[in-house]
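Engineer: Give me a 3D structure for the following:
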Amino acid sequence: MWLDLIIAMSCGGAGLTCGWVMHATRHLPIDPINGDSGDSSTTTLTTTQVEEVETRREQISEVADQLRAYARTMAADVDAHQTTVQAVNSQLTSDQTDSPEAVFRAITQLIEANELMQSQLHSAQDRIHEQAMQIESAERRAETDALTRVPNRGAFDKHLASQHAKGHANAGTLALLDVDHFKKFNDVYGHRAGDEVLRVVAGILHSRLDKYGIVARFGGEEFAAVLDGCPVDRAKELVDAARVAIGEREIVFEEKRLRVTVSAGVAQLSAGEAAEGWLQRADDGLYRSKEAGRDCGHWMDGTTPIKITPAKSTASNEKSDSASDAAATGTAVTAIEAAKPKAKTFANLPGRSELNENFSEVRDRTQSTVSMFVMAIRCNTESTANNMRSLMQIIRATLRSVDRLGCDDESTFLVFMPSVDEETAQNRSVQICRSASAIGIGKSELAMNPISIGVSQVRASEEFDDVVDRCVALAIEAKEEGSEPTRLDTAGQLAL
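Structural biologist: Next comes the predicted model:
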């Protein structure tokens, strides 16, 4: 009885192994060119895009071939395992004595066969997991715009089709946004400046709208967003607030201070409307915004475009007025604004609350699986406009595209650094201090370090304000003369 049970379990395990391997190989990605994706829409590809797609096809095809080879190997291993089990069964069947020695030998052989099968299974599982990770990474790259790091047109089209399938009551609202006079901007400032503008615009749209659905680069200087399940009355406010924020952002590039504006078109899916019609109505709203002089947005009431009137709160009005005054005069803010605590010297930089939005978005997207650091850089002497501007340029030179620079007050810069390790964060802070010292930023007769930096790793479930407060406290401690100008706190342990 026990022997029959062992044999049955061995055969069952072999069957499960085959099933598991077949399951792993049947979910290979569809050929991105020849495969049936279920999307009838087509997009004209440039030569470079075609080459990129062909490269991805070859990579995925290579991974698929490896997985199929693993499946064949596993099938052979399972067949050998079953042959061993059948041989043991035949031996016991032919041995009519049913002696304890024969049964013991049979059990030993079955245990050895099962151990070998288990080892082979684990090995195959590791190899298939590795290949699955490669496929997932390739798929992510295939759906990400290389310049702006937001989803590309292909990813957007899939998301749009998915939302459209939910029907007009649940699909949400679509928005198209276009950077105004972008060709002229490129002609004047060059394509590198234009690329930086696209990155900044994408970053603002992503931080403000991606949490509601998707933000993607639609093509050229045009971006698209779908706000899943969001009614048009709410969506038009969110989109226009993002549009206004882009116009208020001063983009510093190679010591130039640049500004751009954006036009927008917004449309909610109508009953019985095709996805192409939905997209066309949003484009009609965008076209009307351009006709109206640009730097505005229109939402579609059926087929009628209606201009979006910004609904600003008192706080946002004050912020906008302050930014406008600073941009117009290039000097200090008004006496009323100057009386407020923690007034920003650089109105173009995001504050703590705006950096918190980036922080929350990264944490939600990564599920807190990546190491994140925050840096507070203080000018401890006279924080003149020249000193702060020079310090800002030094900091910018150390940043990656995923890092975010902001300011906490008139003398403190903040840097949010996702996906960075302790050594890199510490080296960056030392580099900033050395560069600032080399050109004499903040140099004075006062007995203190002119520039001090506090760096801290973000702890599990920690709020952004808490880690910023800790960084500022470290920077204040580091200003004392004779102490190191940088202090690093990693997951609760202070390192000088």
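Engineer: The closest residue to residue 419 other than its chain neighbours: what secondary structure?
Structural biologist: Excluding its sequence neighbours, the residue lying closest to residue 419 (Cβ to Cβ, 6 or more residues apart in numbering) is residue 370, at 4.7 Å. C-beta coordinates here come from the backbone N, C-alpha and C atoms, glycine included. Look at residue 370: counting by DSSP: H, G, I helix; E, B strand; the rest coil, its state is coil.
Engineer: now do residue 417
Structural biologist: Quick answer, by three-state DSSP: residue 417 is strand.
Engineer: wait, what's in contact with it?
Structural biologist: By Cβ atoms under 8 Å, 6 or more residues apart in numbering, the residues touching residue 417 are 372, 373, 374, 375, 400, 403, 425, 428.
Engineer: pLDDT score assigned to residue 326?
Structural biologist: We note a pLDDT of 40 for residue 326 in this prediction.
Engineer: whoops, I mixed them up, residue 48
Structural biologist: At residue 48, the pLDDT value in this model is 55.
Engineer: And the one 10 residues further on, by the same measure?
Structural biologist: Residue 58 is assigned 68 on the pLDDT scale.
Engineer: Any idea how many residues pack against residue 213?
Structural biologist: Applying other Cβ atoms under 10 Å, we find 21 residues neighbouring residue 213.
Engineer: Distance-wise, check the nearest residue to residue 451 once chain neighbours are set aside relative to residue 452.
Structural biologist: Among residues not flanking residue 451 along the chain, residue 436 sits closest, at 4.5 Å (Cβ to Cβ, 6+ apart). Residue 436 sits 10 Å away from residue 452, going by Cβ to Cβ, to the nearest Å.
Engineer: the more surrounded of these two?
Structural biologist: residue 452 (26 against 23).
Engineer: Strands of this structure, start to end?
Structural biologist: Using DSSP state E, the strands of the chain run over 172-179, 213-219, 222-228, 251-253, 256-258, 262-268, 297-301, 304-307, 372-379, 404-409, 412-418, 451-457, 486-490, 493-495.
Engineer: could I get those as a markdown table with mean pLDDT?
Structural biologist: Shown next, in a markdown table, are those (pLDDT from 0 to 100):
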| stretch | mean pLDDT |
| --- | --- |
| strand 172-179 | 97 |
| strand 213-219 | 94 |
| strand 222-228 | 97 |
| strand 251-253 | 88 |
| strand 256-258 | 89 |
| strand 262-268 | 98 |
| strand 297-301 | 97 |
| strand 304-307 | 96 |
| strand 372-379 | 93 |
| strand 404-409 | 90 |
| strand 412-418 | 93 |
| strand 451-457 | 94 |
| strand 486-490 | 84 |
| strand 493-495 | 37 |
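Engineer: would you turn those into CSV with distance to residue 156?
Structural biologist: Shown next, in CSV, are the strands of the chain (distance: least, Cβ to Cβ, whole Å):
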stretch, distance to residue 156
strand 172-179, 10
strand 213-219, 4
strand 222-228, 5
strand 251-253, 24
strand 256-258, 27
strand 262-268, 15
strand 297-301, 19
strand 304-307, 22
strand 372-379, 28
strand 404-409, 24
strand 412-418, 24
strand 451-457, 35
strand 486-490, 39
strand 493-495, 44
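Engineer: Residue 458 is in contact with residue 372, correct?
Structural biologist: Yes - contact status for residue 372 versus residue 458: in contact at 4.2 Å, counting by Cβ atoms under 8 Å.
Engineer: Now do the shared contacts for those two.
Structural biologist: In contact with both residue 372 and residue 458: residue 359, using Cβ under 8 Å, 6+ apart.
Engineer: rewinding a little: okay, now the residue nearest to residue 419: neighbour count?
Structural biologist: Applying other Cβ under 10 Å, I find that residue 370 has 13 neighbouring residues.
Engineer: Kindly report the same for residue 466.
Structural biologist: Per other Cβ under 10 Å, the neighbour tally for residue 466 reads 13.
Engineer: now it: how far from residue 453?
Structural biologist: Using Cβ to Cβ, residue 466 is found at 18 Å from residue 453.
Engineer: ok, now residue 422?
Structural biologist: 14 Å.
Engineer: Please say which of these two ends up with more neighbours.
Structural biologist: residue 453 (29 against 15).
Engineer: for that one, what are its contacts?
Structural biologist: By Cβ under 8 Å, 6+ apart, the neighbours of residue 453 are 375-378, 429, 432-433, 474-475, 478, 485-487.
Engineer: With residue 243 instead?
Structural biologist: Shown in contact with residue 243 (Cβ under 8 Å, 6+ apart): 177, 262, 263, 264, 297.
Engineer: again, only using 6 Å
Structural biologist: Counting by Cβ atoms under 6 Å, 6 or more residues apart in numbering, residue 243 touches 262, 264, 297.
Engineer: What of residue 226?
Structural biologist: Contacts for residue 226 (Cβ under 6 Å, 6+ apart) come out as 159, 160, 163, 172, 174, 213, 214.
Engineer: can you check residue 258 too?
Structural biologist: Taking Cβ under 6 Å, 6+ apart as the contact definition, residue 258 lies against residue 251.
Engineer: related to what we said a few turns ago, tell me the one of the contacts of residue 243 nearest residue 192?
Structural biologist: residue 262 (20.1 Å; Cβ to Cβ).
Engineer: what number of residues lie near that closest one?
Structural biologist: 29.
Engineer: what separates residue 440 from residue 382, distance-wise?
Structural biologist: According to Cβ to Cβ, residue 440 and residue 382 sit 12 Å apart.
Engineer: Show me which of those two is the more surrounded one.
Structural biologist: The neighbour comparison of residue 440 against residue 382 (other Cβ under 10 Å) goes to residue 382, with 14 against 11.
Engineer: Redo the contacts of residue 243 as CSV? Include distance to residue 101.
Structural biologist: Below are these laid out as CSV (distance: Cβ to Cβ, whole Å):
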residue, distance to residue 101
262, 85
264, 84
297, 87
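Engineer: buried ones in stretch 149-158?
Structural biologist: Neighbour counts over stretch 149-158 (16 or more other Cβ atoms under 10 Å) mark 150, 151, 152, 153, 154, 155, 156, 157, 158 as buried.
Engineer: Same question for stretch 354-370.
Structural biologist: Within stretch 354-370, the residues that count as buried by 16+ other Cβ under 10 Å are 354, 355, 356, 357, 358, 359, 361, 362, 363.
Engineer: Specify which member of those residues is nearest to residue 208.
Structural biologist: Of the buried residues of stretch 354-370, the one sitting nearest to residue 208 (Cβ to Cβ) turns out to be residue 357, at 7.3 Å.
Engineer: Find the nearest non-adjacent residue to the closest one, please.
Structural biologist: Once flanking residues are discounted, residue 357 sits nearest to residue 207: 5.0 Å by Cβ to Cβ, 6+ apart.
Engineer: Go ahead and confirm that neighbour touches residue 356.
Structural biologist: No - contact between residue 207 and residue 356 fails when scored by Cβ atoms under 6 Å: they sit 10.1 Å apart.
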